[in-house]
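Colleague: just coords:
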């Protein structure tokens, strides 16, 4: 380590983020943060595209997406000192646009109001440690299973984004056209990234994304900005800023919409925190996520602020696993990613040109990294093994972290109770199982 770097790590970064205590350094953390950003930069394009279908202004949502991500991730960095990055969540934005607006017929202002109420409720729940209690109540075997399930889920997202795996009729999936440029570029990217990892190169995931993006130029997958203009002022927030509709705040439909947002966000975030922390060996001796309260508070504030700006629910991103895989262990990783989101406001043409086929290889390989906690799952006790397996399997099959957790918790409680081991199950787990069963019956 150079004298310059050593002084840097002994200064602000070391004091603020406790780098040595977490066995990391400035270079590793910055690379990890940039890597996480690169694997989730697609949200800067995808989120505005989805919400635009609901009638919202694309440019305004782009700016809102970046700003909400910056604010929430900075809170995660400085308040929780964890390497997790936040942004408007996939799935939640689709529910916002295609269910609430296009299917139920409500305005996007109505949906945005539901997001605002969700954020306010989460702030209260975080203050009273409700969500932290849920995180800590999940048994260690299920926590390890969540990590593995998220790994398969991430890999499936990568394979699907690249067109290597395609969805057919119903829920059947199959192999896409591997000779098409998108899938072919992704496969090339997997080989390149795998080679870099095998050689032990630091920042292999990030370098793999950049090389794959460059290769995509002659293949027609990476589209360069017109006139090679990479810098532009961020679009105005005016079309979406504080655009709420409180006229139906007490309606039954608002209650249903609000509950749906709450349910999915709670357990997507819980799953991500538990799974990624398990992979990074960050769980404490009791199997709990460190500073879970502060981490959950970050997405509560992010969701509330995001609704002000004009975007859907902000949540902790599963792609944070890519930064953890690069060695990120502290809030400096989150700070670096927040910095990239801030830069993206001015360099939007540059960041939005990275094709999904270039980030897919990182997601696929991170899926492999997330598999390691499977070694710690008790497969001999079927009251532990079956819930763990259902947790793992249902995340990619149902395309939902939340649903995987639901199947795991309900089966865990039922099997323990039916085999006379119910006393070992916490009251919170019983309560969650009952709530989940009622949800599906209704």
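Modeller: Received it, and whenever you're ready, just let me know what you need. What you see is a predicted model; the values in this text were computed from it and never measured.

Colleague: Please enumerate the strands of the stretch 1-150 of the chain.
Modeller: For the stretch 1-150 of the chain, applying DSSP state E, counting those that start in this stretch gives strands covering 86-88.

Colleague: wait, doesn't residue 314 sit right on residue 303?
Modeller: Yes - at 4.7 Å, residue 314 and residue 303 qualify as touching, with contact defined as CB atoms under 8 Å. Where you see a C-beta, it was placed from the backbone N, CA and C, and this is true even at glycine.

Colleague: Overlap in contacts, those two.
Modeller: Taking CB atoms under 8 Å, 6 or more residues apart in numbering as the contact rule, residue 314 and residue 303 both touch residue 72.

Colleague: Can you pull out the low-pLDDT segments for the stretch 101-250 of the chain?
Modeller: Within the stretch 101-250 of the chain, the segments meeting pLDDT under 70 span 168-171.

Colleague: Work out which residue lies at the spatial centre of the chain.
Modeller: Nearest to the mean C-alpha position of the chain, by CA atoms, centre = their mean, lies residue 317 at 1.6 Å.

Colleague: pLDDT value on that residue, please?
Modeller: On the pLDDT scale, residue 317 is placed at 86.

Colleague: How about residue 382?
Modeller: Listed pLDDT for residue 382 reads 95.

Colleague: Give me the distance between it and residue 324.
Modeller: Distance, residue 382 to residue 324, by CB to CB, to the nearest Å: 31 Å.

Colleague: Quick check on these two: which one has the bigger neighbour count.
Modeller: Using other CB atoms under 10 Å as the criterion, residue 382 and residue 324 rank with residue 324 on top: 25 against 12.

Colleague: Figure out the helix or strand that that one lives in.
Modeller: helix 320-325 (DSSP states H and E).

Colleague: List of residues touching that helix?
Modeller: Contacts of helix 320-325 (CB under 8 Å, 6+ apart): 32-33, 35-36, 38-39, 83-85, 150-151, 154, 205, 272, 275-276, 279-280, 333, 337, 362-363, 365-366, 369-370.

Colleague: give me that answer again for 7 Å
Modeller: 32-33, 35-36, 39, 83-85, 150, 154, 205, 272, 276, 279-280, 333, 362, 366, 369-370 (CB atoms under 7 Å, 6 or more residues apart in numbering).

Colleague: Repeat that for stretch 401-420.
Modeller: Here stretch 401-420 makes contact (CB under 7 Å, 6+ apart) with 139, 142, 145-146, 149-150, 153, 263-264, 267-268, 270-272, 318, 383, 386-388, 390-391, 394-395, 398, 422, 424-425, 429-430, 432-433, 436-437.

Colleague: how about a cut-off of 8 Å?
Modeller: Stretch 401-420 is contacted from outside by 138-139, 142, 145-146, 149-150, 153, 263-264, 266-268, 270-272, 275, 318, 382-384, 386-388, 390-395, 398, 422, 424-425, 429-430, 432-433, 436-437, using CB under 8 Å, 6+ apart.

Colleague: now those residues: which count as buried?
Modeller: Buried residues within the contacts of stretch 401-420, counting neighbours by 16 or more other CB atoms under 10 Å: 138-139, 142, 145-146, 149-150, 153, 264, 266-268, 270-272, 275, 318, 383-384, 386-388, 390-395, 425, 429-430, 432-433, 436.

Colleague: In contact with the residue nearest to the centre of the chain, which residues?
Modeller: So residue 317 contacts 36, 40, 43, 84, 85, 86, 87, 89, 272 (CB under 8 Å, 6+ apart).

Colleague: how far away is it from residue 282?
Modeller: 16 Å.

Colleague: same question, residue 55
Modeller: Distance from residue 55 to residue 282, by CB to CB: 41 Å.

Colleague: higher neighbour count, these two?
Modeller: Counted by other CB under 10 Å, residue 55 and residue 282 do not tie: residue 282 has more neighbours, with 18 against 12.

Colleague: element containing residue 194?
Modeller: helix 181-198.

Colleague: Quick check: which helices or strands does that helix pack against?
Modeller: Secondary-structure packing of helix 181-198 (3 or more CB pairs under 8 Å, 6 or more residues apart in numbering; DSSP states H and E): helix 140-162, helix 204-219, helix 356-369.

Colleague: In the sheet, which strands lie alongside whatever helix or strand comes next after the first one, parallel or antiparallel?
Modeller: In this case it means helix 140-162. Sequence-wise, the next helix or strand downstream of helix 140-162 (DSSP H and E) is strand 165-167. With DSSP bridges as the test, strand 165-167 is paired with strand 173-175 (antiparallel).

Colleague: And the contacts of the strand it pairs with?
Modeller: 164, 165, 166, 167, 168.

Colleague: Equivalent analysis for stretch 34-45, please.
Modeller: 62, 65-66, 69, 83, 85, 87-88, 90, 161, 203, 205-206, 209, 317, 319-320, 322-323, 325-326, 328, 333, 336-337, 340-341, 344, 348, 351-352, 354, 356, 359, 362-363, 366.

Colleague: what mean pLDDT does it have?
Modeller: 86.

Colleague: tell me how far that stretch is from the chain's mean position?
Modeller: In terms of CA atoms, centre = their mean, to the nearest Å, the centre of stretch 34-45 is set 11 Å apart from its chain centre.

Colleague: How far does that stretch stretch from one end to the other?
Modeller: Using CA to CA, to the nearest Å, one end of stretch 34-45 lies 18 Å from the other.

Colleague: What is the helix or strand harbouring residue 385 packed up against?
Modeller: Counting by DSSP H and E, the element that carries residue 385 is helix 382-398. Helices and strands touching helix 382-398, by 3+ CB pairs under 8 Å, 6+ apart, are helix 140-162, helix 401-418.

Colleague: ranking those by burial, who's on top?
Modeller: helix 140-162 (a mean of 26; mean count of other CB atoms under 10 Å).

Colleague: What is the burial count for residue 255?
Modeller: With other CB under 10 Å as criterion, residue 255 counts 13.

Colleague: Actually, residue 24.
Modeller: By the criterion of other CB under 10 Å, residue 24 has 21 neighbours.

Colleague: That one contacts residue 329, correct?
Modeller: Yes - under the contact definition of CB under 8 Å, residue 24 touches residue 329, with a separation of 4.6 Å.

Colleague: which secondary structure elements does the helix or strand harbouring residue 265 contact?
Modeller: Using DSSP H and E, residue 265 sits in helix 252-279. The contact analysis (3+ CB pairs under 8 Å, 6+ apart) places helix 252-279 against helix 92-94, helix 108-127, helix 130-137, helix 140-162, helix 292-309, strand 314-316, helix 320-325, helix 401-418.
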